[in-house]
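Asks: Mind folding the following:
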Amino acid sequence: MNSIPPDWDFEVRALRAAAEQAGIQGSIRPSDVGVELESADELITRLKAANSLRDELTQRRSRRRRLVLIASSVAAAGVLVTGVIQPWGSTPVQAATPAVLDYQFAAADTISIAPGKSPANALQRLSDAAQNLRTPSKTIGTQYVLTDNWYANSDTETERAALIPQITETWLTPDGSRRLVERRGQPIAPDGRGLAADGPWNEQPATADEAEPAGFFDADLAASLPTDPDALRNELMELADCLETDPGTSRSFCLYRQILMLHEIYVVSPQLDAAIWEMLRDEQGFRLLGKVKDRAGRVGVGISIIDDASPEFRQVLIADPKTGRLLGSEQILIAPVEGNVLEAPAIMSFTAILESKYID
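Replies: Numbers count the residues shown, from 1 in each chain. Next up is the predicted model:
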């Protein structure tokens, strides 16, 4: 069948005639419909102002980007991963999550409902302990951080869950470049403990070896943060883009995430730790869980928060009561979550900070 090409001139004439019958003018001035366009000079002025503001925001956020872009262990916490492929060949992952730790004011079987106690005095003691820490600290060189981490991975097809053990080593150099090496972790005891506090980490097979170039991180960020609690709060919230968040558990949880990222990327000074604990005294939602023995068998004190926006999870900071240093963090499932095959209470993830120091 032959197709007859359209007569575009006829179509245009018909369209124009229909428009005229409908009362549509052939040309419309902006003023006819109540629109006033800005002049060329006004347009140029507005564009220059927009470019200036964009440049200012870019400069203000450059340090923030280097803090929050790469924090793999924090980003992994709270995320349910389906169909995860084992990165280390035939070595099986642990079939169940580790035991929930027993805290002084929250036993493992009551962790979902335990109210805890006011943390004000405990936070002040942690701040004092860090402030009084006289251990000489080198503040130049490469910042080395070693963590032992476990992340829950849920497979909805098989309705099984596994916990991925992972040792992470990072080296952050003064020029802002960083190397990250991940290695297979070791099994832990039935009580959820048994992490080695030290060991020949380089003998474990590497599952990842990544590097970021110079300038990717602001290597001096942690050292440049203010040690005044109020100034520190504002700076951390600006870095996390939650400066406008009203006081409450969401703001507290924002600070919680920033504290974890700081300690997993940087070597944090005792003075900054002291300011962190004092800062948290004025935040809502934090509760004292009391004394606990952490995954590496170290004596600590647990400070927890439940974000109103995510009430299914209890987040816990564990700190050394003698030094005020952060020992690690735990994320505990305390209520059912759709698509999650784990039954509450259960450990979703934990991170134990085993080393944090400057090296040559």
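Asks: Which stretches in the chain count as helices?
Replies: According to DSSP state H, the chain carries its helices in the segments 8-21, 40-68, 72-76, 120-131, 221-224, 229-239, 249-265, 270-280.
Asks: Where among those helices is average confidence lowest?
Replies: Among these, helix 72-76 carries the lowest mean pLDDT, a mean of 35.
Asks: My guess is residue 263 contacts residue 352. True?
Replies: No. Taking contacts as Cβ atoms under 8 Å, residue 263 lies outside contact range of residue 352: 11.3 Å. Every residue, glycine included, has its C-beta placed from N, CA and C.
Asks: Between the two, which has more neighbouring residues?
Replies: residue 263 (26 against 22; other Cβ atoms under 10 Å).
Asks: Quick check: closest non-adjacent residue to that one.
Replies: residue 326 (4.9 Å; Cβ to Cβ, 6 or more residues apart in numbering).
Asks: Tell me how far the one you found lies from residue 345.
Replies: 23 Å (Cβ to Cβ, to the nearest Å).
Asks: before we move on, back to that, run through the bridge partners of the residue nearest to residue 263.
Replies: Note on residue 326: beta-bridge partners residue 319, judged by DSSP bridges.
Asks: Compare residue 326 and residue 345 (neighbour count), which wins?
Replies: Neighbours were counted for residue 326 and for residue 345 using other Cβ under 10 Å; residue 326 has more, 25 against 18.
Asks: so the more buried one touches residue 353, yeah?
Replies: Yes. The criterion here is Cβ under 8 Å, and residue 326 meets it with residue 353 at 6.2 Å.
Asks: Which neighbours do those two have in common?
Replies: Common neighbours of residue 326 and residue 353 (criterion: Cβ atoms under 8 Å, 6 or more residues apart in numbering): residue 263.
Asks: For residue 339, grab the count of nearby residues.
Replies: Using other Cβ under 10 Å, residue 339 is surrounded by 8 other residues.
Asks: before we move on, what about residue 102?
Replies: Using other Cβ under 10 Å, residue 102 has 18 neighbouring residues.
Asks: Enumerate every residue touching it.
Replies: Residues near residue 102 by Cβ under 8 Å, 6+ apart: 108, 292.
Asks: any low-confidence regions in the stretch 101-250 of the chain?
Replies: Filtered on pLDDT under 70, the stretch 101-250 of the chain yields the residue ranges 135-138, 153-163, 196-203.
Asks: list the buried ones in stretch 106-125?
Replies: 106, 108, 111-112, 114, 116, 119, 122-123, 125 (16 or more other Cβ atoms under 10 Å).
Asks: what sits up against it?
Replies: Contacts of stretch 106-125 (Cβ under 8 Å, 6+ apart): 99-103, 105, 277-278, 280-281, 286-290, 301-304, 314, 321, 332, 334-335, 344-345.
Asks: Now, of those residues, which are buried?
Replies: When the contacts of stretch 106-125 are checked for burial by 16+ other Cβ under 10 Å, the buried set is 100-103, 105, 277-278, 280-281, 286-290, 301-304, 314, 332, 334, 344-345.
Asks: which residue packs closest to residue 101, ignoring adjacent ones?
Replies: Closest to residue 101 by Cβ to Cβ, 6+ apart is residue 292, at 5.4 Å.
Asks: The one you found reaches residue 302, doesn't it?
Replies: Yes. Look at residue 292 against residue 302 with Cβ under 8 Å: they come within range, at 4.9 Å.
Asks: so what's in contact with the two at the same time?
Replies: With contacts defined as Cβ under 8 Å, 6+ apart, the residues adjacent to both residue 292 and residue 302 are 101, 103-104, 318.
Asks: so which pair among those residues is furthest apart in space?
Replies: 104 and 318 (12.1 Å; Cβ to Cβ).
Asks: what touches both of the two?
Replies: What both residue 104 and residue 318 touch, as defined by Cβ under 8 Å, 6+ apart, is the set 292, 302.
Asks: out of the two, which sits in the busier spot?
Replies: The residue with more neighbours, out of residue 104 and residue 318, is residue 318; 27 against 14, by other Cβ under 10 Å.
Asks: For the more buried one, which non-adjacent residue is closest in space?
Replies: residue 300 (4.1 Å).
Asks: I'd say that neighbour and residue 321 touch.
Replies: Yes. Using Cβ under 8 Å, residue 300 is in contact with residue 321, at 7.0 Å.
Asks: anything in contact with each of these two?
Replies: In contact with both residue 300 and residue 321: residue 291, using Cβ under 8 Å, 6+ apart.
Asks: if we can go back for a sec, would you turn the shared contacts of residue 292 and residue 302 into JSON lines with distance to residue 257?
Replies: Listed next are those as JSON lines, based on distance: Cβ to Cβ, whole Å:
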{"residue": "101", "distance to residue 257": "21"}
{"residue": "103", "distance to residue 257": "21"}
{"residue": "104", "distance to residue 257": "25"}
{"residue": "318", "distance to residue 257": "16"}
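Asks: separation between residue 193 and residue 115?
Replies: 25 Å.
Asks: next one: residue 232
Replies: From residue 232 across to residue 115, the span is 28 Å (Cβ to Cβ).
Asks: Ok, residue 124 next?
Replies: Applying Cβ to Cβ to residue 124 and residue 115 gives a distance of 20 Å.
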